[in-house]
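J.: coords below, sequence missing:
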């Protein structure tokens with residue numbers, strides 16, 4: 001659901017996620033969901049803060065009408081129903097999704113490094129040209 005690929009779930013991404021899970025929330029409800037677990041007060045959910053949702057749900061610390069409780073219930077896997085193989089497939093799919101995101105990040109990093117290298121090369125050529133030009137203008 002991290003469409004911005006920044007490692008966070010912002011308000012609009014949370015809105016889309018809740019709609020896809022079949023539990024749409026109001027704008028205020030979404031803000032309250034984030035506020036309830038937003039440890040660093042940045043207005044978005046980090047991975048750690050998202051995991052907190054499930055810890056709080058398991059500990060019974062979420063209010064019954066909380067959107068976070070709804071999210072936790074819609075996202076949980078019951079091994080007794082799904083079986084170990086179903087849970088295994090679920091978590092393997094999560095790992096694969098994270099791996100593909102890491103590959104994407106590596107590609108972006110490689111492109112950025114290539115751009116930096118090209119810019120340095122351009123600067124070097126310009127400096128060499130200026131030096132050569134100064135030899136002819138004297």
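T.: Perfect, thanks for sending it. For clarity, every value in this text was computed on a predicted model and none was experimentally measured.

J.: can we go C-alpha only for contacts and neighbour counts from here?
T.: Will do.

J.: just checking, residue 18 touches residue 71?
T.: Yes. Between residue 18 and residue 71 there is a contact under Cα atoms under 8 Å: 7.2 Å.

J.: What is the helix or strand bottoming out on mean pLDDT in the chain packed up against?
T.: Lowest on mean pLDDT, DSSP states H and E among the helices and strands of the chain sits helix 67-75, with a mean of 70. Judged by 3 or more Cα pairs under 8 Å, 6 or more residues apart in numbering; DSSP states H and E, helix 67-75 is in contact with helix 27-37, helix 47-58.

J.: correct me, but residue 72 touches residue 55?
T.: No. Look at residue 72 against residue 55 with Cα under 8 Å: they stay out of range, at 9.3 Å.

J.: coming back round to it: identify the contacts common to residue 18 and residue 71.
T.: Among the neighbours of residue 18, none is also in contact with residue 71 (Cα atoms under 8 Å, 6 or more residues apart in numbering).

J.: what about the nearest residue to residue 17 once chain neighbours are set aside, how many neighbours?
T.: Of all residues not flanking residue 17 in the chain, residue 1 sits nearest, at 6.2 Å (Cα to Cα, 6 or more residues apart in numbering). If you count neighbours by other Cα atoms under 10 Å, residue 1 ends up with 16.

J.: before we move on, what about residue 9?
T.: 23.

J.: before we move on, the earlier item: neighbour count winner among residue 72 and residue 55?
T.: residue 72 (20 against 14).

J.: For the more buried one, which residues are in contact?
T.: Here residue 72 is in contact with 53, 54, 57 (Cα under 8 Å, 6+ apart).

J.: nearest to residue 63, of those?
T.: Closest approach between these and residue 63, by Cα to Cα: residue 57, at 8.9 Å.

J.: ok, that closest one to residue 50 distance?
T.: As judged by Cα to Cα, to the nearest Å, residue 57 and residue 50 stand 11 Å apart.

J.: What segments of this protein are strands?
T.: Assigned by DSSP state E, the chain shows no strands.
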